[in-house]
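> Sequence and predicted structure are below.
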Amino acid sequence: MKIVVALGGNALGNTPEEQKALVKHTAESLAELIEAGHSLTIVHGNGPQVGMIQNAFDAASQAKTNIPLMPLPECGAMSQGYIGYHLQNALRNILDARGIKKNITTLVTQTVVDKQDAAFKHPTKPIGAFIQDEAEIKALQTKIDLPYIEDSGRGYRFVVASPKPIDFLESASIQCLLDNDTVVIAAGGGGIPVIKENGSYKGVPAVIDKDSSSARLAEIIDADLLVILTAVPRVMINFGKDNQAAIEAMTAKEAESYIEAGHFAKGSMLPKVEAALDFVKRKPQSKAIIAALEDAKEAINGTTGTIVTKH
């Protein structure tokens, strides 16, 4: 099968060394899918990593060095490169040890968004370091030109929009690599958001949900299956309550009713269910699975995970 795999935050670490250790475990699960003969496109998150990169440049700039503030699109590109390197390296070592010959490539990916997307009018995603002094963040605002908020009593942070992905400038390249027996790591962190203006594409300071990008990419490359790997073996309703229950399978209609009833947390399971729902509604003949990272192979074989279908 042609599969798009979305890796949740539990698959990566908060530092380069921590990430190297966790990625080895992640690569083992991915290698099982490759060994089973599936064609794989991997989309990873980058929240902690892109924040670390931006915070480093922020700190260097505030120390009055000659190092400039780094725009968010460039930070996203850097995170795609180094996370992709760790995934490539770990997969290469495991596949070599198993005697599997396979090309593995990371593609720095630009995600097209609509400059009229309503999200740009209401930025909600905090980025960068916490700044305690409002006067300091106001001064930085003259350089960064982003709105800021007071974030949970921990200080002030800049906020950016989270628009919906429309297309990927490198989608034809991704397809070409897949057609030539390559494992592709693409749209990392949801991809670098770009808009078209005066006939040209340009990066914009925004954050795209990686699960949403995974679903859109899976549709564009005509994947058979979207697999969203996370920290839990199945989607739960009434999570954390005495009557919590695991869901083995749900139709689009059932998923929508669970969402309407408020069963899924906004910053956790909700975007995963919404992405799975979006994919199966656009590709009714396909299915999506939400499962634990270590259960990837078993989930595809139907023995665990939550299967989402149109009907």
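Arrived safely.
> buried ones in stretch 230-248?
Buried positions in stretch 230-248, judged by neighbour count with 16 or more other Cβ atoms under 10 Å: Thr230, Val232, Pro233, Arg234, Val235, Met236, Ile237, Ile247. Using the backbone N, CA and C atoms, a C-beta is placed for each residue, glycine as well.
> Can I get it as PDB, trimmed to CA atoms?
Only the C-alpha atoms of stretch 230-248 are listed here, as PDB (Å, rounded to 0.1, in the frame of the first residue of the first chain):
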ATOM      1  CA  THR A 230       0.600   9.000  18.700                       C
ATOM      2  CA  ALA A 231       1.100   8.000  22.300                       C
ATOM      3  CA  VAL A 232      -2.100   6.000  22.800                       C
ATOM      4  CA  PRO A 233      -3.200   2.700  21.300                       C
ATOM      5  CA  ARG A 234      -6.700   3.900  20.400                       C
ATOM      6  CA  VAL A 235      -8.900   7.000  20.300                       C
ATOM      7  CA  MET A 236     -10.800   7.300  23.600                       C
ATOM      8  CA  ILE A 237     -14.200   8.800  24.400                       C
ATOM      9  CA  ASN A 238     -14.900  10.100  27.900                       C
ATOM     10  CA  PHE A 239     -11.100  10.200  28.400                       C
ATOM     11  CA  GLY A 240     -10.000  10.300  32.000                       C
ATOM     12  CA  LYS A 241     -13.400   9.500  33.300                       C
ATOM     13  CA  ASP A 242     -14.800   6.300  35.000                       C
ATOM     14  CA  ASN A 243     -16.700   5.500  31.800                       C
ATOM     15  CA  GLN A 244     -13.800   6.100  29.300                       C
ATOM     16  CA  ALA A 245     -13.900   3.700  26.400                       C
ATOM     17  CA  ALA A 246     -11.600   2.900  23.500                       C
ATOM     18  CA  ILE A 247     -12.900   3.100  19.900                       C
ATOM     19  CA  GLU A 248     -11.900   0.300  17.600                       C
END
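> next one: phi and psi at the nearest residue to Ala31 once chain neighbours are set aside?
Distance criterion Cβ to Cβ, 6 or more residues apart in numbering; nearest residue to Ala31, sequence neighbours excluded, is Ile94 at 4.5 Å. Dihedral angles phi and psi of Ile94 (degrees, to the nearest 10) take the values phi -70, psi -40.
> Quick check: Ile94 touching Ala27?
Yes. Counting by Cβ atoms under 8 Å, Ala27 is a contact partner of Ile94 at 5.2 Å.
> between these two, who's got more neighbours?
Between Ile94 and Ala27, counted using other Cβ atoms under 10 Å, Ala27 has the larger neighbour count: 24 against 18.
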